[in-house]
Each structure stands twice: as structure tokens, then as C-alpha cells.
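This is a predicted model, with the sequence first.
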6 protein chains.
Amino acid sequence: MSQMDDFFEAGLNLRRDMWGPGGAEKAIESATDFTAPMQDIVTRYCFGEVWNRAPLDRKMRSLLTLAIVTTLGKPTQFKLHVKGAIANGATTEEIREVLLHTMVYAGVPAAVDSFAGAVEVFKELGIEA
Amino acid sequence: MSQMDDFFEAGLNLRRDMWGPGGAEKAIESATDFTAPMQDIVTRYCFGEVWNRAPLDRKMRSLLTLAIVTTLGKPTQFKLHVKGAIANGATTEEIREVLLHTMVYAGVPAAVDSFAGAVEVFKELGIEA
Amino acid sequence: MSQMDDFFEAGLNLRRDMWGPGGAEKAIESATDFTAPMQDIVTRYCFGEVWNRAPLDRKMRSLLTLAIVTTLGKPTQFKLHVKGAIANGATTEEIREVLLHTMVYAGVPAAVDSFAGAVEVFKELGIEA
Amino acid sequence: MSQMDDFFEAGLNLRRDMWGPGGAEKAIESATDFTAPMQDIVTRYCFGEVWNRAPLDRKMRSLLTLAIVTTLGKPTQFKLHVKGAIANGATTEEIREVLLHTMVYAGVPAAVDSFAGAVEVFKELGIEA
Amino acid sequence: MSQMDDFFEAGLNLRRDMWGPGGAEKAIESATDFTAPMQDIVTRYCFGEVWNRAPLDRKMRSLLTLAIVTTLGKPTQFKLHVKGAIANGATTEEIREVLLHTMVYAGVPAAVDSFAGAVEVFKELGIEA
Amino acid sequence: MSQMDDFFEAGLNLRRDMWGPGGAEKAIESATDFTAPMQDIVTRYCFGEVWNRAPLDRKMRSLLTLAIVTTLGKPTQFKLHVKGAIANGATTEEIREVLLHTMVYAGVPAAVDSFAGAVEVFKELGIEA
């Protein structure tokens, strides 16, 4: 198997661990000509290659991702990555602190939007917070 | 001493640990009527209150800050926080991975600018990387 | 009462004046362990300390806030602050001009989104514009 | 007829070609005191003056617009401009490549949001992709 | 004289009042084929048409502009508009408060950069602050 | 040779065509442990894989890149890509129109900064514009 196939497999495994089959092979199988190259590149490059590099572990990368997508203002991606962060072992206290920290640097509205998004996800997952 | 004074002291201590007296009491003493309220609020609220909250430690908050200011595109603040991250125990490998991770989510130009900024700081500090 | 308590009270009063009890004490009472530190910091630092500084009055700060959150692209916060701006005495003409001015500097899409958000709020409040 | 009237007419014609009468004269007729100056300036300056300048043609300007509003993170404007791009002759392959290209420079979340938006528009228009 | 010529004249006058002949007719006379259409559109649309609309006065528009360009992170434009704000009657206290307000919403790094830029301009203009 | 090697070679070739050996093999040879993974990923993924996809040609991708980095506000990357765009066959008229188009959507300051950056590059390259 080539290294590109390895990265694809590693990315698929990470996606499955973070979001189940619905966010992994099923997302890729249901891709169309329009979305398939994006799914392929994101799986290989983002989840397969970058996310698996040492020395940062999955939980650390999840917390970084929450800070970055809060700064960017991407509520859909943020909520997805709250689920992924929980799957990667992050606690609600850690997520809260990431958002308070981001509030200092990216401003109140970015953080307030993400607090609301996290609360939605916690409810959906039945997590007390 | 009031809690506001406590936060100010804690913030000043953190600033001194991260950047020496030049980034702490000297910055505050040289503040003018124009800059003093900003120095005061940033010291109390940002460095005194938020940075010292559990359970995220200083190194973790430094790495989050590097990701956020890279996403925001603030090269001066980025270089300052590379120094602070080193003082807080971050390695060049960890900083590199934070930037590669941010590259995925915030794009190539944001990351390339921060790689260049980090290289400048490493040279200035005499760090091999 | 400490200065921090004073800032909290001042912030709560401003929130009540801008959005009624639902956006003030009720929001704070219903906060959870996850959201309470954010509500506390925002009330003290943002609404209690910064918003009450001379020489800019509340209406002026509302109009600045509308320009900033339009530039940031935060539609939920924008609509909230349209209500706050009306409570602080801003006219629909002033809000319109803030958005036309922001259009020049932050671009057409940012302004068009905020025009749509403001129209929604005016309808909800029964304001002709 | 003055040059300003010419620009307005040219802008109205472009809006009609891209979105039909609903996005052109009807949008302008239904404007209120609050929205009319914005509609007028956008029609004259944006669609009448800038969009019609040589040597970039309409399809090229549509593809540029898709890249820019993806970078800005404006999903409502993005979907509107996918329709406009199709009306201006862009293919789904070209739109896909604009989004993959933007993904490199503006990051994965910006591109993923726009892929989802484009898929919605293609379904609405009955386009296979 | 057509309305477009009127807007151009009004814009040129505003530019001259804010930055002297160097930021007005001289900038336009020295424009090349590459920059002339930009100078023309900015003078007519931005400074001639939008800046002169009631009921916001020049000082108010200057303060809004400082908040917006701080949020956008445009240090060169920011420093230019600090000069323009002073010419339009803004005080250093008002500029300070605009920046503290923007710090809440757009984050600490955006505000810190603008504080530094404003201090540079005040020195250049010989203003104590 | 594996597909990953192919992408690397293709990326290196594109970098050489756009910026000469200094922006291609020399940049990669001088990479350190800190910068090498970034140089490798950017060469393979960005320049090797995405830039070479049909049906958008190199000039089209250069113009898109100029619009995106203007919107992001990355002056160093912008100037680099003006050189690349010229190498890929873009004219100064096309670059001017990309910037005027971006001005509408991303605002005046973003465009003005890029006009200034382009003028610098044209001078450096001895191009009349």
C-alpha cells in the first residue's frame, strides 16, 4: 500500500473514532463528483497526515481546533469539533477554558457564539455542564 | 488587597515570567494617559484573570494563543507570544505542530507568515530549530 | 462593596437597560458551570467597565458595536445590538448610515447581511423603517 | 441620461440576468427608506460600474466572487452567487475547483461550508453534480 | 456639472481637509493607469458619496472608521485615519475609548496593534497623549 | 515513483516556473527541521496537487489567489503571488480588475493595501503600469 493510501486509511480511522461511521466511510461513499475530491483531500491531508503527527496528541489537536474555528467564526464546524473533542477525551472544563482564552484574543462575539454552540452539543450528547 | 489588585499582581507576574521586566512593570510604568487603561485592563483581565484559570496550564495557553494569533494574522503579537511560549516551556517541535495544524484550518498564508515569524524569534533567542 | 462588585452591578444595569431582565439577571441566574465564568467576565469587564467609560456615551458605543460586529460577521450578536442601540436612543437613520459606512470598509456582503438582520429586528420591534 | 443613470441601468440589467426580476427591479421596488440607499449604491457601484469593466468577463467575476465570499465566510451571499455563476456560464467543475483552490489559502472550514452551500443550490436548481 | 462630478469634487474636498493636498489632488494626479480607476472610485463613492451623508458627521465617521479598520487589522489605513480623525476634531480620549471598545469585541491583539499605531501618529503630529 | 513523489515533483516544477530556483529547490534545500514539513506539505498538496487540477489553468488560479490573499490581508504572500501571476501570463489590467472586484466585496482597505503591494512588485520587475 502506498503512503497516500496509508494517509487515507489513517484519516478515515480518525474520522470514525471522532464521529462514527456517519462522519467517515459513509460520508465518503455518499460523495458525488462535486464533493469527492474535497473529501479525499481532507481525509488524506488533514485527518491522515497532519492530525497524526507527533508530539501533539488528539485531545490537544481538538482543543486547538476549537480555538481556531471559534476565531474563524465557523459555527457548524465548531459544533462538529466539540463532538470530536469529547470523543478525544476533552472535558467540558477544558472546552470552557479554551473558549474563555479565545474570548481574550478573538473577542467576545466569537466566544459567545461558540459557548452557545457547545451548549447545544452537550444537550444533544446528554452531557451535564 | 482587593481581588482586582490580586488579578493585577498575578497578571504582572505572568508578564514578567514570560517577557522579563521590560514586558511587565516597565511597560506599565512607561504607559501614558492614552495607553494606561489598556495596559491596566490587559494585565488584570487577560494575564491576571483568564491566563491563570485551571485546568489549562501556561504552556497549553501559550500554544492556544499561537494558534489564535496566527488565525487572526497578527505578526507582532505572534512573535511576542513565541517568546512567551518558550518561556512557558513549549518546544520548537510543539510550536511547529501548532502551526501545521493551524495551516489546515486557517490556510497556507496564515501559517507561512507565522513560520517566518517563529524563525526570526528563534534566531534572536539563539535557538536551533 | 468592592470595585469588582461595582463593575458587575454597573454591567448588570446596562444589560437590563438594553435588553430587559431576560438579557440581564435572568441570563446570569440560568448560567451553568460551563457558561457562568463567561457571563461573569462579560458583565464585569465588557458591560460594567468598558461600556461605562467617558467620554463616549451609550448610543455612540452602540453604533460602534454595530460597525464592529458587522465587520466581524456575527449576525446573532448584531441583531441583539440593534435592539440595544434602539434602547440607547439610536435612530434607524443612524443605524442605516453606520451600515453604509461599514460597507465601504468591510465590503458589500458584510453590510448586506446586517441590513437584513436590522430589518428583522425592526419588524420584531414594530418599528417602521 | 447621466452616467450615474447608465451605471444604475447596467447594474439592474446584470442583476436581472443573474437572478431574474426578483433579484433586480422587484428588490429595488420593495426597498424601504432604510434599505433604498444600499440597494442604489450596490446596483450602481458594484453591479453597474465594477462588474462591467473590461477585460474580465462575467463568468470570471462570478468565480472570483465565489472565492472571495468563501474567504469572508458569507454563506447567504455565497449561495446567491452560485446561482449567479451558473447564470453566467460557470460549470460545476469550475465551481468545485474554485472551492478546492480557496481551501488551500483560506482553510478547510471555509471551503467545507461553501461545498455544502453549493450542493444545496445545485439541488434547488435541479443540477446534477 | 453632473452628480458624478459633484461626488468627485466633494470627495476631493474631504480628502484635502483630512490629509492636505498630498492625500487629495496630488494623489490623484500621480495615479497611473493601474491605480487611477481605484483612486477615482474611492474618491467618488467612499469619500464623495458615503462620507457626506446625513445624519452622521465627519468626526463620528472617523471614529467608526478607526473601529472598523482596527477590526479588519489594517495598520497602514489605521494610521492614515488617525490623522484624518484628528483633522475632523476627534480627541485622543475619544480615540482611546474607541480602541478600548473595539478590544472587547475584536480582541486584544487588534486593539494593541492600533494603540501602537496611534502612538506613532501622535508623535509624528507632536500631540501629547 | 509514487503518486506522492509525483505531486512533489509537479509542485516543485510549478514553484520554479513561478519564482525561479530561489522559490523552489533552494527554498526546500535550505529548510530546517522546523520548516521542512511545512515546505513539503505546501509543495505536495498546494502546488503539486491542487494547482494542477483541470479545468482551471495557472493564470486563472493566480488571479483567484490574488483575490483570496487580498481578502485575507496577507501582504507578503500577495506580493509573491503578483510575481507568480505575471509569470503565469496575467496582465497588469487583469490584476487591476481583480483588485477592483475584491474592493467591492472585501472593502476599500484590503484593496488599497494590495494596490500598493502590486505597484511595488511592478517597480521591482521593471513593469510599466
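Cool, the structure landed.

hey, where'd the helices end up in chain A?
A:3-19, A:25-29, A:36-41, A:58-72, A:75-87, A:92-106, A:108-125 (DSSP state H).

Figure out which of those helices is closest to chain C.
helix A:108-125 (4.1 Å; Cβ to the nearest Cβ). Every C-beta, even on glycine, is put in place using the N, C-alpha and C of the backbone.

Please say whether there is contact between the closest one and chain C.
Yes - using Cβ under 8 Å from any Cβ of the partner chain, helix A:108-125 reaches chain C at A:V108, A:P109, A:A110, A:A111, A:V112, A:D113, A:F115, A:A116, A:A118, A:V119, A:F122.

Redo the helices of chain A as TSV? Include mean neighbour count and mean pLDDT.
Below are the helices of chain A laid out as TSV (neighbours: other Cβ atoms under 10 Å in any protein chain shown; pLDDT from 0 to 100):
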stretch	mean neighbour count	mean pLDDT
helix A:3-19	18	96
helix A:25-29	14	94
helix A:36-41	17	98
helix A:58-72	24	98
helix A:75-87	21	98
helix A:92-106	24	98
helix A:108-125	20	98
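
rewinding a little: go back to the residues of helix A:108-125 next to chain C and keep what's next to chain D.
Applying Cβ under 8 Å from any Cβ to the residues of helix A:108-125 next to chain C, none is adjacent to chain D.

hang on, the earlier thing: in TSV: the helices of chain A, plus distance to chain B.
Shown next, in TSV, are the helices of chain A (distance: least, Cβ to the nearest Cβ, whole Å):
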stretch	distance to chain B
helix A:3-19	12
helix A:25-29	17
helix A:36-41	11
helix A:58-72	4
helix A:75-87	8
helix A:92-106	5
helix A:108-125	10
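
I'd like these as TSV, with distance to E:D5 appended.
Below are these laid out as TSV (distance: least, Cβ to Cβ, whole Å):
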stretch	distance to E:D5
helix A:3-19	60
helix A:25-29	57
helix A:36-41	49
helix A:58-72	43
helix A:75-87	46
helix A:92-106	44
helix A:108-125	41
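
I'd like to know which of the ones you listed lies nearest to chain E.
Nearest of the helices of chain A (Cβ to the nearest Cβ): helix A:92-106, 4.7 Å.

pLDDT score for the closest residue to A:F7 other than its chain neighbours?
Distance criterion Cβ to Cβ, 6 or more residues apart in numbering or on different chains; nearest residue to A:F7, sequence neighbours excluded, is A:G48 at 3.5 Å. As predicted, A:G48 sits at a pLDDT of 97.

next one: A:M1
68.

And A:D113, how close does it get to B:V104?
21 Å (Cβ to Cβ, to the nearest Å).

contacting residues around the residue nearest in space to the middle of chain A?
Residue closest to the average C-alpha location in chain A (Cα atoms, centre = their mean): A:H81, at 3.1 Å. Going by Cβ atoms under 8 Å, 6 or more residues apart in numbering or on different chains, A:H81 touches A:S62, A:T65, A:L66, A:V69.

Closest one to chain D out of these, please.
Using Cβ to the nearest Cβ, those come closest to chain D at A:V69, 5.6 Å.

Identify the residues contacting that closest one.
A:Q77, A:F78, A:H81, B:Y105, D:P109.

Burial check on the nearest residue to A:F122 once chain neighbours are set aside, number of neighbours?
With Cβ to Cβ, 6+ apart as the criterion, A:F122 has its nearest non-adjacent residue at 4.7 Å, and that residue is A:A129. A:A129 is flanked by 17 other residues according to other Cβ atoms under 10 Å in any protein chain shown.

okay but A:A129 is in contact with C:A31, surely?
No - in this structure, A:A129 is not within contact of C:A31 by Cβ atoms under 8 Å, at 11.1 Å.

Any idea which residue of chain A lies closest to chain E?
Closest point on chain A to chain E, by Cβ to the nearest Cβ, is A:G107, at 4.2 Å.
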